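1. Just need the structure, nothing else, for what follows:
(one chain, ligands or ions: 1)
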Amino acid sequence: MTAFMTPPAIDAPLPRAEFEARLRAIGDARYHDKHPFHDRLHSGQCSMTEVQAWVINRWHYQSSIPMKDAAFMSRCRDPDLRRAWRSRIDDHDGGPESGGGIRRWLKLAEGVGLDPEYVASGAGVMPATRFAVDAYVRFVRDEPLIAAMASSLTEMFAPAIHTRRIDGLLEHYSFANPETVSYFRHRLTEAPKDVRFTLDWVLTHAVTRADQEAAIAALTFKTDVLWAQLDALWNGYVEGRIPPGAWQPGEGQAR
Ligand SMILES: O=C(O)c1cc(C(=O)O)c2c(n1)C(=O)C(=O)c1cc(C(=O)O)[nH]c1-2
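-> Numbering: from 1, shown residues only. Below is the predicted model:
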């Protein structure tokens, strides 16, 4: 660089490929596939109490996802964006006959010996799970659209963990069969469809460095949302410090 050339501004936007690499690096560093609860679950070391606690608590995430997507859509003036986004709600809610991911999660609940009505009531969800998931819904409702969209990009990292989960559950647990793991099989095609659209949108529309940093921060926040849920699960049901009001083993069993 000669003395007459202007140095690049500190806040110059990242080239597209570098921006994408920064987003992907968040998965390598912080995605919840690295949480010890997942190793325990996928390698068959979880007791049925721990599996039931996971299914009950994750219900709060599952059931909130279409609500956060509806909150997102309520903010979009662009019909093209709404049209692309609404398939996410269809994936989880499905039609009246077929149902969708929500119904498939309740099949898993039944398969692990729980009363699906108990699970669907949301009773027994731990406070920390609620705080984490509800923070995600609020984030998507309140933050700028680019950050709201980028926070869903943890789905970039989900197919690998879903594949590991399907294989691990089928290998190690007698409750696992094509019906009970069907939730995860559907996600193998649904998540890449979501990511194709959203990643391209974020990479294209985050044109300032500030927007790019906000997208990176949003994705980082979302990894915290996921990690915090598993920390709560580990504390409550592996370490045995069940918080007041949360599910007690033996409650909500299938009749
Ligand atoms: O099992 C998982 O590890 C996992 C992770 C994630 C994720 O990375 O947020 C989602 C899902 N599953 C999932 O099933 C799902 O429907 C989903 C929607 C979203 C989202 O942020 O919009 N994440 C995820």
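2. Identify all contacting residues around stretch 217-228.
-> With contact meaning C-beta atoms under 8 Å, 6 or more residues apart in numbering, stretch 217-228 is reached by 23, 26-27, 30-32, 35, 128, 131-133, 135-136, 139, 143, 146-148, 150-154. Where you see a C-beta, it was placed from the backbone N, CA and C, and this is true even at glycine.
3. Could you list the buried residues of it?
-> Across stretch 217-228, burial judged by 16 or more other C-beta atoms under 10 Å covers 218-223, 225-228.
4. near the ligand, from those?
-> Leu226 (C-beta under 6 Å from any ligand atom).
5. Inside helices: which ones of the buried residues of stretch 217-228?
-> Those of the buried residues of stretch 217-228 mapping onto helices are 218-223, 225-228, per DSSP state H.
6. Make JSON lines out of those and add pLDDT.
-> Formatted as JSON lines, these follow (pLDDT from 0 to 100):
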{"residue": "Ala218", "pLDDT": "98"}
{"residue": "Leu219", "pLDDT": "98"}
{"residue": "Thr220", "pLDDT": "98"}
{"residue": "Phe221", "pLDDT": "98"}
{"residue": "Lys222", "pLDDT": "98"}
{"residue": "Thr223", "pLDDT": "98"}
{"residue": "Val225", "pLDDT": "98"}
{"residue": "Leu226", "pLDDT": "98"}
{"residue": "Trp227", "pLDDT": "98"}
{"residue": "Ala228", "pLDDT": "98"}
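7. so can I have CSV of the residues you listed showing distance to Arg75?
-> Below are those laid out as CSV (distance: C-beta to C-beta, whole Å):
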residue, distance to Arg75
Ala218, 15
Leu219, 19
Thr220, 22
Phe221, 18
Lys222, 18
Thr223, 23
Val225, 19
Leu226, 23
Trp227, 26
Ala228, 25
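8. any idea which element Ile161 lies in?
-> Assessed by DSSP states H and E, Ile161 sits inside helix 158-172.
9. what's the following helix or strand past that helix in contact with?
-> Downstream of helix 158-172, the first helix or strand assigned by DSSP H and E is helix 182-205. Residues external to helix 182-205 that are found in contact with it (C-beta under 8 Å, 6+ apart): 16, 19-20, 23, 81, 84, 87-88, 91, 101, 104-105, 107-108, 146, 149-150, 152-153, 155-156, 158-159, 162-163, 165-166, 178, 211, 215.
10. gap between the nearest residue to Arg164 once chain neighbours are set aside and His92?
-> Among residues not flanking Arg164 along the chain, His42 sits closest, at 5.3 Å (C-beta to C-beta, 6 or more residues apart in numbering). Distance, His42 to His92, using C-beta to C-beta, to the nearest Å: 23 Å.
11. Settle it for me: which of the two has more neighbours?
-> Between His42 and His92, counted using other C-beta atoms under 10 Å, the more crowded position is His92 (23 against 19).
12. Who are the contact partners of the more buried one?
-> Contacts of His92 (C-beta under 8 Å, 6+ apart): 62, 65-66, 69, 100-102.
13. what's the answer for Leu41, then?
-> Counting by C-beta under 8 Å, 6+ apart, Leu41 has contacts 50-51, 54, 165, 168-169.
14. okay, the angle between the helix holding Ile161 and helix 182-205?
-> 170 degrees (axes from the mean of the first three to the mean of the last three C-alpha atoms, to 10 degrees).
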